[in-house]
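Enquirer: build the 3D model from these lines:
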Amino acid sequence: MSHDYPIRVLGGLPAIGRVFSFLPYTPATWHDPADGPEIDFEILDSKGRKAEWIYKRMTEEQMKDVEVNLLERCADDYRNRSYDD
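Expert: Predicted structure coming up:
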């Protein structure tokens, strides 16, 4: 199952960040070290198609910014999740 988030890349170009998996931050305990956060995602064009050209034009810093943005949004969704589903 994936979740799509509208994002902006390359100076404002609309795109979609498709998140396949998200592991929230888990603080350390006496028995286990801290874990996460981790995210697995891809960037699609605004119509949901694979767009390798976006990856080719993005810098490493821009990719990191997209990753941080998606991590924050997933963490927010995780904190506000409903247990009724």
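Enquirer: from here on, just use CA atoms for contacts and neighbour counts.
Expert: Noted.
Enquirer: okay, and the spatially most central residue of the chain sits in which element?
Expert: Residue closest to the average C-alpha location in the chain (C-alpha atoms, centre = their mean): residue 70, at 3.1 Å. Secondary-structure assignment from DSSP states H and E places residue 70 in helix 60-79.
Enquirer: what's the offset of that helix from the middle of its chain?
Expert: When C-alpha coordinates are averaged (C-alpha atoms, centre = their mean, to the nearest Å), helix 60-79 and its chain have centres 5 Å apart.
Enquirer: and that helix, what does it pack onto?
Expert: Under the contact definition 3 or more C-alpha pairs under 8 Å, 6 or more residues apart in numbering; DSSP states H and E, helix 60-79 sits against strand 3-9, strand 13-23, strand 38-45.
Enquirer: the residue nearest to residue 8 when sequence neighbours are not counted: how many residues sit nearby?
Expert: Nearest residue to residue 8 in three dimensions, chain neighbours excluded: residue 14, at 4.7 Å (C-alpha to C-alpha, 6 or more residues apart in numbering). Applying other C-alpha atoms under 10 Å, we find 14 residues neighbouring residue 14.
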